[in-house]
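Participant: structure for this input, please:
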Amino acid sequence: MNGEAMTPQRTESTEHPQAPKSGPKGGRPRDPAVDEAIILATRRRLVTSGYSQMALGDIAADAGVTRPTLYRRWPGKLELVIDALDYGFRAQTAATPPFPLEDLTPREALTEAIRRVDPCYYNPDAIVLQGGFISEAERVPELLAHVVERAVEPRVSQVEHVLHHLIERGAVQPGIDTRTIATMVFGAYFGAFLRGDDAVTRSGLAEKLTATLWPGLATDAHPAAKR
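Facilitator: Next up is the predicted model:
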């Protein structure tokens, strides 16, 4: 990747990581194609129906399997949804290239970190999904906790890591509140979504956020800091 026109968004339809091997062991060998069909049907139902409204019978029908087939693999809805989320997290990890920190100018590095903190950087439905998990936080706190641990915190922490690295390089002022900046740029994507910005508009948010923040972050000492 070169410059600030970095990684394009990806869609999960092009990625097929191995489906999880949940459920009871022993007996007849599991068919990975059946597992994946159930997982993909679950992911679609999460978007269209939400966790509370989705029913295991509907998921089985969508996947073209019987309910006993589903229950032999997952004991309940929560376990199935956790595995469906992990399926997506594995696909995202496999599809995301390493962060080219040393190859970028300081400003480009911040822009790329902000781009990658976008919940929809990989999955275009992620904001809708995360909003649904927030609404379920009182009833099923395990869901939101899992998403925060696997999807949110790694991205937000990466913004902080990049900022600390740029401080060490002398490109960003020491003493800045890296946690607040990282949280702010993450939240900006939700704010833009709620204010009606479509996916194309939100795809340019990283450059706009960097243009707004960079003058207050950059030092004058580093030769490339103002670039």
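Participant: in the chain, what spans have low per-residue confidence?
Facilitator: Scanning the chain for pLDDT under 70 picks out the ranges 1-29, 221-227.
Participant: quick one, longest helix in it?
Facilitator: helix 77-95 (DSSP state H).
Participant: OK, contacts around the closest residue in space to Tyr189 that isn't next to it in sequence?
Facilitator: Spatial nearest neighbour of Tyr189, chain neighbours left out: Asp118 (5.1 Å); criterion: Cβ to Cβ, 6 or more residues apart in numbering. C-beta: built from backbone N, CA, C; applies to glycine. Each residue near Asp118 by Cβ atoms under 8 Å, 6 or more residues apart in numbering is listed here: Tyr189, Arg202, Leu205, Ala206.
Participant: repeat that for Ala37.
Facilitator: By Cβ under 8 Å, 6+ apart, the residues touching Ala37 are Ala63, Gly64, Val65.
Participant: do Pro174 as well
Facilitator: Pro174 touches Ile167, counting by Cβ under 8 Å, 6+ apart.
Participant: how far away is it from Ile167?
Facilitator: 5 Å (Cβ to Cβ, to the nearest Å).
Participant: one more: Ala41?
Facilitator: With Cβ to Cβ as the criterion, Ala41 and Ile167 are 46 Å apart.
Participant: quick one: the helices in the chain?
Facilitator: Secondary structure of the chain (DSSP H): helices at 32-48, 56-63, 67-73, 77-95, 106-117, 126-135, 141-147, 153-168, 178-194, 199-202, 205-217.
Participant: point out the most buried one among the ones you listed.
Facilitator: Highest mean neighbour count among those (mean count of other Cβ atoms under 10 Å): helix 106-117, with a mean of 24.
Participant: for it, packing partners?
Facilitator: Helix 106-117 sits against helix 153-168, helix 178-194, helix 205-217, with contacts defined as 3 or more Cβ pairs under 8 Å, 6 or more residues apart in numbering; DSSP states H and E.
Participant: could you dump these into CSV with distance to Gly76 added?
Facilitator: CSV is the format used below for those (distance: least, Cβ to Cβ, whole Å):
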stretch, distance to Gly76
helix 153-168, 26
helix 178-194, 30
helix 205-217, 38
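Participant: out of those helices, nearest to Leu46?
Facilitator: Within these, the stretch nearest Leu46 is helix 178-194; the backing value is 17.1 Å (Cβ to Cβ).
Participant: and the angle for that closest one with helix 205-217?
Facilitator: Using axes from the mean of the first three to the mean of the last three Cα atoms, to 10 degrees, the inter-axis angle of helix 178-194 relative to helix 205-217 is 150 degrees.
Participant: got the CA coordinates for helix 178-194 in PDB?
Facilitator: Taking Å, rounded to 0.1, in the frame of the first residue of the first chain, the C-alpha atoms of helix 178-194 are listed here in PDB:
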ATOM      1  CA  THR A 178      -4.000   8.800  22.900                       C
ATOM      2  CA  ARG A 179      -6.900   6.900  24.500                       C
ATOM      3  CA  THR A 180      -9.300   9.700  24.000                       C
ATOM      4  CA  ILE A 181      -8.200  10.300  20.400                       C
ATOM      5  CA  ALA A 182      -8.600   6.600  19.600                       C
ATOM      6  CA  THR A 183     -12.000   6.400  21.100                       C
ATOM      7  CA  MET A 184     -13.100   9.600  19.300                       C
ATOM      8  CA  VAL A 185     -12.100   8.400  15.900                       C
ATOM      9  CA  PHE A 186     -13.800   5.100  16.500                       C
ATOM     10  CA  GLY A 187     -17.000   6.800  17.600                       C
ATOM     11  CA  ALA A 188     -16.900   9.200  14.600                       C
ATOM     12  CA  TYR A 189     -17.900   6.300  12.300                       C
ATOM     13  CA  PHE A 190     -21.000   5.600  14.400                       C
ATOM     14  CA  GLY A 191     -21.800   9.300  14.500                       C
ATOM     15  CA  ALA A 192     -21.600   9.500  10.700                       C
ATOM     16  CA  PHE A 193     -23.800   6.500  10.300                       C
ATOM     17  CA  LEU A 194     -26.400   7.800  12.600                       C
END
